[in-house]
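1. Structure here, sequence nowhere to be found:
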DNA sequence: ACACTCAGAC
């Protein structure tokens, strides 16, 4: 079960009550020199500007890949015509250029030509060919060349291992590494860098083993090996060990820093990622696209808008171009942190957009309940000839589901199949959600029965959620049973089912589900809400009485509650705490965490400013209603981030149109 | 004159 927005676990130090991002992070001045690291997607552009030396006084660098009218290569043609003599260096240069430009076809031409030349025994060129195939995304061909070599050296092994390592074929890379050792080759720092990358993808045990080999061979001081080690421990979630390796490195570069920062980002430790960003700059290292991308991702995962903006400021000052590599993450960060306007702005300013840029923009729209805009942008994307992928359709389907665009959603599901994209289980879940939310419960059930894939827990959860929404007790109970079989430890379905019973007045059944849940040791994730004020994060749990301002918060809410009642607010107590009487229920309800957060925001933020609150579970119906009234009462916009979407409350209504 | 480490959308 994946969520659109990562919930932040309680164990995260970022959620200590008040202190966060201490002020000194914000006094670091940005370094204005431009960093030069080019992102993979932009290499092509950079090469285009390159003009260089000549070969034998005849061929200029820019003519290396020049084509002949019949599709051959100009340089090879010259050789065939006897207009120039080849040599090993020329073959290497040609291959290298093919590699840089990712030109597999031309690479094959050079390869074939090389085989017919008198240089065909040169190991160095053969190694370059292996590298060319590997870098052009064809590890199979690299392997074939390698296998057919009568004689191999260290570089041959390293090149082919790297080929698999970089093409997400970690197991094969590790296998070759073993074979290499059996053949009596001792790995050097080049080999170990690649093998560590592969090991990191396979698992911690493998990673530690390779670490041992690095120590034995004395390569741990190499920056490449060191960075790979830091990265390996980061990916295994072992941040303490990553830090130990990092601290032990005599010579560091940006990559080491980035590997460490990325590790914290993957663990949603925004505070650590931001802190390291500052330390990196203080240590006089230039933040690169990798750095920014990681830090934005970290901010996105906890919705840290202010920190994200601050980092964005550094990016602007750095002079780095807003390329897709970093822009996509920035866009995503703004979307997830609640500022759809900034997300749009970033999208508009992207130098070049790839599929991920479009998908991120669609996701942002979908998360903010802008179904119409999502569909429009999707159509624009197609109009511009950008090929949508599976993720694109997931975004669009989700948007349709969240906005009640039933027919459009079903149409796009069919379109997806027509475009020969294979829907996976997540698409089926979304369609069940789409039908279910729209009240077509019978159709949703039918759809599940006819699915070609075996239904998973997520499928039944979607149906269960729809049953809760449309108060269908029988089907809901059935769906819940299926979930209990497949995913017995998730608290969500238990609570949904008990709420279904409760809202039908069947308190006894509701209590039975709760009891069953307790008996089987299923624990409910405690609900909490939080908000940022001036770089501090304030967190609240329901009925919280441990906050320093608890009395003021309580008074504020009581005051507000009275006023919104005058505007017509009627507390809805139907789905909570059925075992207490009506009056008590209402009292408890008042202290849902989002209401405490809202009262706190009203006390501590300037009049008229937008209030941004985040919550780790779905907002309840009563709070949703209350928030609408409050937005009208105080004349302010309130943005509430739910588990997987945003609610924009303004002037008494919500952007979700009460459909969520 | 050949080979290595760091990012992202669901």
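-> Cool, got the structure. Bear in mind the structure is a predicted one, so any value in this text is a computation, not a measurement.
2. List the residues that contact the closest residue to residue A:610 other than its chain neighbours.
-> Of all residues not flanking residue A:610 in the chain, residue A:637 sits nearest, at 4.7 Å (Cβ to Cβ, 6 or more residues apart in numbering). (C-beta placed from N, C-alpha, C; glycine too.) By Cβ atoms under 8 Å, 6 or more residues apart in numbering, the contact set of residue A:637 is A:610, A:611, A:631, A:648, A:649, A:650.
3. Could you tell me the phi and psi values at the fourth one?
-> Dihedral angles of residue A:648 (phi, psi; degrees, to the nearest 10) stand at phi -110, psi 110.
4. do residue A:222 as well
-> Per degrees, to the nearest 10, the backbone of residue A:222 is at phi -70, psi 140.
5. ok, now which ones touch it?
-> A:189, A:192, A:193.
6. Show me chain A divided up by domain.
-> As given by automatic domain parsing, the domain ranges for chain A are A:36-151, A:174-251, A:427-519, A:528-654.
7. Of all those domains, which one comes closest to residue A:344?
-> Of all these, it is domain A:528-654 that lies closest to residue A:344, at 14.0 Å by Cβ to Cβ.
8. So is the closest one next to DNA strand B?
-> No - judged by Cβ under 7 Å from any atom of the strand, domain A:528-654 and DNA strand B are separated, with a smallest distance of 8.6 Å.
9. residue ranges with poor pLDDT in the stretch 551-660 of chain A?
-> A:573-590 (pLDDT under 70).
10. So which residues of it form helices?
-> Under the criterion DSSP state H, counting those that start in this stretch, the stretch 551-660 of chain A contains helices at A:582-590, A:593-604, A:621-634.
11. These into JSON lines, with extra columns for mean neighbour count?
-> Conversion of those to JSON lines gives the following (neighbours: other Cβ atoms under 10 Å):
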{"stretch": "helix A:582-590", "mean neighbour count": "15"}
{"stretch": "helix A:593-604", "mean neighbour count": "23"}
{"stretch": "helix A:621-634", "mean neighbour count": "21"}
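12. Could you point out which of the ones you listed sits nearest residue A:333?
-> For the helices of the stretch 551-660 of chain A, proximity to residue A:333 was assessed by Cβ to Cβ; helix A:593-604 is nearest, at 21.4 Å.
13. Can you list the helices and strands that the closest one packs against?
-> Here helix A:593-604 touches strand A:528-533, strand A:536-541, helix A:550-566, strand A:611-615, helix A:621-634, going by 3 or more Cβ pairs under 8 Å, 6 or more residues apart in numbering; DSSP states H and E.
14. Let me see the contact set for residue A:207.
-> By Cβ under 8 Å, 6+ apart, residue A:207 lies in contact with A:196, A:199, A:200, A:232, A:233, A:236.
15. Tell me the secondary structure of the second one, please.
-> Three-state assignment for residue A:199 (DSSP: H, G, I helix; E, B strand; the rest coil): helix.
16. The stretch 201-350 of chain A against DNA strand B: which residues are in contact?
-> Contacts of the stretch 201-350 of chain A with DNA strand B, taken as Cβ under 7 Å from any atom of the strand, map to A:222-228, A:231, A:253-256, A:258-259, A:262, A:265-266, A:288-291, A:293-294, A:297, A:324-326, A:328-329, A:332.
17. Tell me the buried residues within these.
-> By neighbour count, with 16 or more other Cβ atoms under 10 Å, those hold A:222-228, A:231, A:254-256, A:258-259, A:262, A:265-266, A:288-291, A:293-294, A:297, A:324-326, A:328-329, A:332 as buried.
18. what about the helices in the stretch 151-300 of chain A?
-> A:154-166, A:170-182, A:189-202, A:204-217, A:223-235, A:239-247, A:254-266, A:270-282, A:289-302.
19. To residue A:625, which of the ones you listed lies closest?
-> The closest of the helices of the stretch 151-300 of chain A to residue A:625 is helix A:289-302. By Cβ to Cβ, the value is 27.4 Å.
20. Could you tell me the average pLDDT over the closest one, please?
-> Taken as a whole, helix A:289-302 has a mean pLDDT of 96.
21. just checking, what packs against the helix or strand just after that helix?
-> Per DSSP states H and E, helix A:289-302 leads on to helix A:305-318 as the next helix or strand towards the C-terminus. Contacting helix A:305-318 under the criterion 3+ Cβ pairs under 8 Å, 6+ apart are the following elements: helix A:270-282, helix A:289-302, helix A:324-337.
22. Distance to residue A:462 for the ones you listed - can I get that in JSON lines?
-> Below are the helices and strands packed on helix A:305-318 laid out as JSON lines (distance: least, Cβ to Cβ, whole Å):
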{"stretch": "helix A:270-282", "distance to residue A:462": "30"}
{"stretch": "helix A:289-302", "distance to residue A:462": "24"}
{"stretch": "helix A:324-337", "distance to residue A:462": "22"}
